[in-house]
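Asker: I'd like to go over a predicted model; first the sequence, then the structure.
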4 protein chains.
Amino acid sequence: MAGVNKVILIGNLGADPEVRYMPSGDAVANVRIATSDTWKDKNTGERQERTEWHNVVFFGKVAEIVKQYVHKGSKIYVEGKLRTRKWQGQDGQDRYTTEVVVDMNGTMQMLDSRSGGGVGSSVPFDDAPAYQSSRGGGRPQSSSPAPSSVGSSQGAADFDDDIPF
Amino acid sequence: MAGVNKVILIGNLGADPEVRYMPSGDAVANVRIATSDTWKDKNTGERQERTEWHNVVFFGKVAEIVKQYVHKGSKIYVEGKLRTRKWQGQDGQDRYTTEVVVDMNGTMQMLDSRSGGGVGSSVPFDDAPAYQSSRGGGRPQSSSPAPSSVGSSQGAADFDDDIPF
Amino acid sequence: MAGVNKVILIGNLGADPEVRYMPSGDAVANVRIATSDTWKDKNTGERQERTEWHNVVFFGKVAEIVKQYVHKGSKIYVEGKLRTRKWQGQDGQDRYTTEVVVDMNGTMQMLDSRSGGGVGSSVPFDDAPAYQSSRGGGRPQSSSPAPSSVGSSQGAADFDDDIPF
Amino acid sequence: MAGVNKVILIGNLGADPEVRYMPSGDAVANVRIATSDTWKDKNTGERQERTEWHNVVFFGKVAEIVKQYVHKGSKIYVEGKLRTRKWQGQDGQDRYTTEVVVDMNGTMQMLDSRSGGGVGSSVPFDDAPAYQSSRGGGRPQSSSPAPSSVGSSQGAADFDDDIPF
DNA sequence: TTTT
DNA sequence: TTTT
């Protein structure tokens, strides 16, 4: 059947990313991103603003980048897809949470002028076992500069499969 | 602050739209749209498919179009934005529902080859008081052909403010 | 520096694809896609229509799919990027042509209801040496059904690297 | 027939905008935006970069904003549509130029951290007769802060029709 | 011609 | 909870 399921966001992180690791060693990073709409009220003419908060989940390589270079307040561009997860509340009832998933088919870009420049630790990924995942077979590099873009989608540089990032 | 909050979907309706009217007379149409991902399992090589269901809410003029020309099984293109609503469960606890909102800044296109052709009733909108909304001051026309596109966004024809559609 | 360079089109082919092969054996398919804008003239109230023609170039696997299943009149969804090529006119002067490039980072979807159903030739790809490209190591299959989506982008099923499609 | 014709760009201006005015008084702003792709060469493993230059044309209110707040080096988000113009070379032959058009259905966002902050002149628009266009009937304001977003599209605040911006 |  |  196919179809298109695409989300594009530009906004700021409300807090630092929360990173965890899958049994496979792959990283998963969760962030909250705020976008805001502003408009003038038709009647009062006063400026209105509504902030929308989005749950965004990064998988794999892009999750590592998020972990290293993105933090509270960062402005980022995100391209992903919608996914609604079902889970059980404490009362046993079904609950649903909709997230924007950014995996190897998605994209992330840092939009802050000095996007992580100089942020690169001299021992990057030493606490990121996910790096030895099947997708990345490369070796960690030292003093790596912060990439400003990750992903396989249009308009964002791809990261090789055999190089850390 | 601004930001970008955009969703693009192409999928099929799981059921006919549910339409209701605001006190103002504006129509609101809710639909469920399915998109599906297909891929081959890395290990087994078997084809996998995952269907994602999206709650989409149309407001105003585009809601009227959806009501008239879109139905169960219709394939449509939708451009809107994410919005998460908070509501109270019967147990008094907060629940959240994320929807794709398509308002005057969004777009809808019918993608079925014969997109509603001949569907135009000879007495269109006679049950759509919303039409006398502040946004549309025009008079209903008879035998109107089905538009295949509605909205103000790029790539989709705009509907005038003073003509039914 | 990075950046985003993305084009999304839904339109119909003005003619059958023109396919050629690179020295590497990779296929390249060129098509012309028409999109149209309709609007009502502010003064006369008459419906206006403007058709825009786009040059779209497909590379690699997606080019093979286009060759096999897409033809004059087909309605497709395309996600790619802009690229302007410089070339020499017969007069020796520089000319520029802007195209929408759909490569392994782009996407293509067939939107016709019966998207190529039954189109699958019993000897697919027999004239498509490109198939033995570095990206695809698989073997052609017979009687393959038409895929309705190709590409690595969000919302479109990916085609494996080791299976024809 | 309809269709979708959408372009999304994030990039930097190569030079200050060139602004001119239509007989109607409406402003038109032309800019060149660079986006760049980076990837690693499959063989040498060396990082490659390709810069793409886009001609972007802004119409109406957004053209005024561009004129006032965007300049050489600015990083912006743009949502528009493709349009190919035909023109005559000095040799009388037809030439074609493809541009990204951003009109009232498009969007522009400034992405530099301090997006025009303090840029607002105390006498904004005094050289912008276009402002008395039919779309904007408002009066120029003094000391207006720079908006970071303009347009009617999803995810970007709309500017009222009756207020300068 | 921008930017990193 | 971000940002302007």
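Answerer: Ah, there it is.

Asker: low-scoring stretches of chain A, by residue?
Answerer: When residues are selected by pLDDT under 70, those of chain A lie in A:1, A:113-145, A:152-165.

Asker: What residues are bridge-paired with the most centrally placed residue in it?
Answerer: In chain A, the centroid-proximal residue (C-alpha atoms, centre = their mean) is A:F58; its distance is 4.5 Å. Counting by DSSP bridges, A:F58 forms beta bridges with A:A29, A:V102.

Asker: ok, it touching A:Q68?
Answerer: No. At 11.7 Å, A:F58 and A:Q68 do not qualify as touching, with contact defined as C-beta atoms under 8 Å. Bear in mind the C-beta positions are built from the backbone N, C-alpha and C, glycine included.

Asker: what about A:T107, how many neighbours?
Answerer: 27 (other C-beta atoms under 10 Å in any protein chain shown).

Asker: just checking, it touches A:V100?
Answerer: No. At 11.6 Å, A:T107 does not count as touching A:V100 under the criterion of C-beta under 8 Å.

Asker: so where do the strands sit in chain A?
Answerer: Using DSSP state E, the strands of chain A run over residues A:4-13, A:18-21, A:27-40, A:47-59, A:75-88, A:94-102, A:107-110, A:149-151.

Asker: wait, which of those strands is closest to C:D112?
Answerer: strand A:4-13 (15.3 Å; C-beta to C-beta).

Asker: for A:L9, what are its contacts?
Answerer: Residues in contact with A:L9 (C-beta atoms under 8 Å, 6 or more residues apart in numbering or on different chains) are A:33, A:35, A:54, A:56, A:77-80, A:100, B:3-6, D:155.

Asker: Nearest to DNA strand E, out of those residues: which one, please.
Answerer: Set against DNA strand E, the nearest of those by C-beta to the nearest atom of the strand is A:Y77 (14.0 Å).

Asker: can you tell me how far A:M104 sits from A:V150?
Answerer: 10 Å (C-beta to C-beta, to the nearest Å).

Asker: who has more neighbours, these two?
Answerer: Set side by side, A:M104 and A:V150 show more neighbours around A:V150, with 28 against 18, by other C-beta under 10 Å.

Asker: Can you name the residues bridging to the more buried one?
Answerer: Beta-bridge partners recorded for A:V150 (DSSP bridges): A:M108.

Asker: I figured it hits A:F59, correct?
Answerer: No. Using C-beta under 8 Å, A:V150 makes no contact with A:F59, being 11.6 Å away.

Asker: Spell out which parts of chain A neighbour DNA strand F.
Answerer: Neighbours of DNA strand F within chain A, by C-beta under 7 Å from any atom of the strand: A:11-15, A:32, A:34, A:36, A:49, A:51, A:53, A:72-73, A:75.

Asker: between these, which has the most around it?
Answerer: Neighbour counts for those (other C-beta under 10 Å) peak at A:G11, which has 28 neighbours.

Asker: gap between that one and D:S148?
Answerer: In terms of C-beta to C-beta, A:G11 sits 12 Å off from D:S148.

Asker: Check A:I10 too.
Answerer: For A:I10, the distance to D:S148 - C-beta to C-beta - is 11 Å.

Asker: now swap in A:V101 and tell me
Answerer: Using C-beta to C-beta, A:V101 is found at 27 Å from D:S148.

Asker: Of these two, which one has the most company?
Answerer: Remark: of A:V101 and D:S148, D:S148 carries more neighbours, 24 against 20, as counted by other C-beta under 10 Å.

Asker: ok, A:K86 - contacts?
Answerer: Contacts of A:K86 (C-beta under 8 Å, 6+ apart): A:D94, A:R95, A:Y96.

Asker: one step back: give the intersection of the neighbour lists for A:I10 and D:S148.
Answerer: Counting by C-beta under 8 Å, 6+ apart, the residues touching both A:I10 and D:S148 are D:Q109.

Asker: what's the burial count for the residue nearest to A:R85 when sequence neighbours are not counted?
Answerer: In space, and not counting its chain neighbours, A:R85 is closest to A:T97: 5.2 Å by C-beta to C-beta, 6 or more residues apart in numbering or on different chains. By other C-beta under 10 Å, 14 other residues sit near A:T97.

Asker: I'd say A:T97 and B:R95 touch.
Answerer: No. Using C-beta under 8 Å, A:T97 makes no contact with B:R95, being 10.2 Å away.

Asker: ok, back up a step: hey, which of the strands of chain A is tucked in deepest?
Answerer: Each of the strands of chain A was scored by mean neighbour count; the highest is strand A:149-151, a mean of 28, by mean count of other C-beta atoms under 10 Å in any protein chain shown.

Asker: Around chain B, which positions in chain A sit nearby?
Answerer: A:1-12, A:34-38, A:49, A:51-54, A:77, A:81-84, A:89, A:91, A:93, A:95-98, A:100 (C-beta under 8 Å from any C-beta of the partner chain).

Asker: let's see it at 7 Å
Answerer: A:1-11, A:35-36, A:38, A:52, A:54, A:82-84, A:91, A:98 (C-beta under 7 Å from any C-beta of the partner chain).

Asker: follow-up on the earlier one: could the residues of chain A next to DNA strand F be laid out in JSON lines, adding distance to chain D?
Answerer: Output for the residues of chain A next to DNA strand F, formatted as JSON lines (distance: C-beta to the nearest C-beta, whole Å):
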{"residue": "A:G11", "distance to chain D": "9"}
{"residue": "A:N12", "distance to chain D": "11"}
{"residue": "A:L13", "distance to chain D": "14"}
{"residue": "A:G14", "distance to chain D": "17"}
{"residue": "A:A15", "distance to chain D": "19"}
{"residue": "A:R32", "distance to chain D": "17"}
{"residue": "A:A34", "distance to chain D": "12"}
{"residue": "A:S36", "distance to chain D": "8"}
{"residue": "A:E49", "distance to chain D": "8"}
{"residue": "A:T51", "distance to chain D": "12"}
{"residue": "A:W53", "distance to chain D": "14"}
{"residue": "A:K72", "distance to chain D": "15"}
{"residue": "A:G73", "distance to chain D": "10"}
{"residue": "A:K75", "distance to chain D": "7"}
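
Asker: My guess is A:T84 contacts A:Y96. True?
Answerer: Yes. In this structure, A:T84 is within contact of A:Y96 by C-beta atoms under 7 Å, at 5.3 Å.

Asker: and A:T98, how far is that from A:I10?
Answerer: Relative to A:I10, A:T98 is positioned 19 Å away (C-beta to C-beta).

Asker: oh sorry, the question was meant for A:R20
Answerer: Distance from A:R20 to A:I10, counting by C-beta to C-beta: 25 Å.

Asker: Residues contacting stretch A:96-106, please?
Answerer: A:7, A:9, A:54-60, A:62, A:78-87, A:108, A:151-153, B:98, C:152-154 (C-beta atoms under 7 Å, 6 or more residues apart in numbering or on different chains).

Asker: is A:H54 in a bridge, and if so with what?
Answerer: A:I33.

Asker: show me the contacts for it.
Answerer: Taking C-beta under 7 Å, 6+ apart, one finds A:L9, A:I33, A:T35, A:V100, B:L82 in contact with A:H54.

Asker: can those go into a markdown table with extra columns for distance to A:T44?
Answerer: What follows is those, written out as a markdown table (distance: C-beta to C-beta, whole Å):
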| residue | distance to A:T44 |
| --- | --- |
| A:L9 | 29 |
| A:I33 | 29 |
| A:T35 | 24 |
| A:V100 | 33 |
| B:L82 | 27 |
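
Asker: re earlier: what's the closest of the contacts of A:K86 to DNA strand E?
Answerer: Taking those together and measuring to DNA strand E by C-beta to the nearest atom of the strand, the closest member is A:Y96, at 39.1 Å.

Asker: I'd like to know the beta-bridge partner residues of the closest one.
Answerer: Bridge pairing for A:Y96 - DSSP bridges - gives A:K86.
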